[in-house]
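Colleague: got a predicted model here, sequence first, then my questions.
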Amino acid sequence: MSALTDFRSNIEDIVAEGDKVAVRLTNSCLHSGPVFGVPPSNRRVTYTETAIWRVVDGRVTERWCNSDTLGLMQQLGAVTLK
């Protein structure tokens, strides 16, 4: 997404078994363009992600991911909770 730039990922945990690798990440990026109608704030936002990668011959061939999109949208101001 070009509205979220200067993307950085920090691997918190990594576990491998067979052809699967599970990772827990903390991602951060700069909100530099409109996202879902929210104008850019030029603030750095962070969110967590858990992913499982299937690796064949040293290459990721499949990826399943669960990201904290709600937390990201709250930081962008697109969602407020009561």
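Modeller: Now that the structure is in, tell me what you want to look at. As the structure is a prediction and not an experimental result, all values here were calculated from the model.
Colleague: please, where are all the strands along the protein?
Modeller: 4-17, 20-31, 44-56, 59-67 (DSSP state E).
Colleague: between the ones you listed, which one is closest to residue 73.
Modeller: Residue 73 sits nearest to strand 44-56 of all the strands of the chain, at 9.2 Å, using C-beta to C-beta. Bear in mind the C-beta positions are built from the backbone N, C-alpha and C, glycine included.
Colleague: which strands or helices does the closest one pack on?
Modeller: strand 20-31, strand 59-67, helix 69-76 (3 or more C-beta pairs under 8 Å, 6 or more residues apart in numbering; DSSP states H and E).
Colleague: and those: which comes nearest residue 45?
Modeller: Of all those, helix 69-76 comes closest under C-beta to C-beta, at 4.3 Å.
Colleague: angle of the closest one against strand 20-31?
Modeller: Taking axes from the mean of the first three to the mean of the last three C-alpha atoms, to 10 degrees, one finds helix 69-76 and strand 20-31 inclined to each other by 10 degrees.
Colleague: show me what helix 69-76 is packed up against.
Modeller: strand 44-56.
Colleague: what angle separates the strand it packs on from helix 69-76?
Modeller: 150 degrees.
Colleague: in strand 44-56, what's buried?
Modeller: 45, 47, 49, 53 (16 or more other C-beta atoms under 10 Å).
Colleague: distance of the last one from residue 44?
Modeller: Looking back up the chat, that one is residue 53. Relative to residue 44, residue 53 is positioned 26 Å away (C-beta to C-beta, to the nearest Å).
Colleague: one step back: nearest to residue 74, of the strands of the chain?
Modeller: strand 44-56 (9.3 Å).
Colleague: distance between the closest one and the chain's centre?
Modeller: 6 Å (C-alpha atoms, centre = their mean, to the nearest Å).
Colleague: just checking: what are the partner strands of it?
Modeller: Paired strands of strand 44-56, with direction, are strand 20-31 (antiparallel), strand 59-67 (antiparallel) (DSSP bridges).
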